[in-house]
Structures are given as structure tokens and as C-alpha cells.
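A.B. asks: curious how this folds, go ahead:
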Amino acid sequence: MKTTEDHIQKSLELNNLDEISTEIFNLDVPGEETSNIGGIWGEFTLSRKEIKGGIRFSLLECPNALCWTITTGFSPEPESIVIHLTINRQQTNQEFIEEIEEFLADHSVRLEEFLSIEQT
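C.D. replies: Here you go, the predicted structure:
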């Protein structure tokens, strides 16, 4: 799928989380840069920041410092959308790894659907 940094930044907002994930949801009306969310890991403040190439989302109170970026425009495949998730642990339990994998799989499918609909 082809998209642009600008399209990612304008399309992926906190007020449309239900369009881009079934794993997390707003608990109240979101602000521009933060929202109280619920999800498979509990309740957190989700931060949204525009970055070079796209967006960074962070769970601010997460003990694992979980954050993920959604970007485009970088080598080796500048026309691809890349989702990159990190935590602050080198090792963690298998259950958490599986939850992260499910979160990323859901996000990937939902983003592909959402961004392709947005561009038509």
C-alpha cells in the first residue's frame, strides 16, 4: 500500500482509535495529543506525537514503556508502511510476547483497511 507521511499524520488521530485497532479504545473524549484508553493491558494515557515519517503512540504509564510508530518513506522500501513497536525489556514472558504479536497483527490489518479507504 502506498501512502505519505502527511496522510498518516492527518488520518491517524486519537478520536478514531476504533477505526485503527480493536485492541484499544477511548475511555472518554480524547484530546489532540493524549487520551485515556483501555485495552488488553489495562488503562493508560495514550500519547500521540507526529514524527518524521508518521506517528508515534506511547502508553505513558506502562511499566514496559510500550510505544509504537507508524511510518512511511524510509529505505529499503520507501513506499511501505512500517509499524515498529518497542518495550524497555530485553526479555519478557511468553504471554506478553503473544499479546504484543496479536496487537501488531490487529493493528496491521486495521491500518491497511483504514488507510486504503481513506485514500479512495
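A.B. asks: for the longest strand belonging to the chain, which helices and strands make contact with it?
C.D. replies: Ranked by number of residues, the top strand in the chain under DSSP state E is strand 42-51. Helices and strands touching strand 42-51, by 3 or more C-beta pairs under 8 Å, 6 or more residues apart in numbering; DSSP states H and E, are strand 34-39, strand 54-59. Where you see a C-beta, it was placed from the backbone N, CA and C, and this is true even at glycine.
A.B. asks: pLDDT below threshold where in the chain?
C.D. replies: 1, 117-120 (pLDDT under 70).
A.B. asks: quick check: buried residues in the longest helix seen in the chain?
C.D. replies: The residue-count maximum for a helix in the chain (DSSP state H) belongs to helix 94-119. Neighbour-count burial for helix 94-119 flags Glu99, Ile100, Phe103, Asp106, His107, Arg110, Leu111, Phe114, Leu115 (criterion: 16 or more other C-beta atoms under 10 Å).
A.B. asks: wait, doesn't Thr72 sit right on Glu79?
C.D. replies: Yes: contact criterion C-beta atoms under 8 Å: Thr72 and Glu79 qualify, at 7.2 Å.
A.B. asks: out of those two, which sits in the more crowded spot?
C.D. replies: Each of Thr72 and Glu79 has its neighbours counted (other C-beta atoms under 10 Å); Thr72 has more, 21 against 10.
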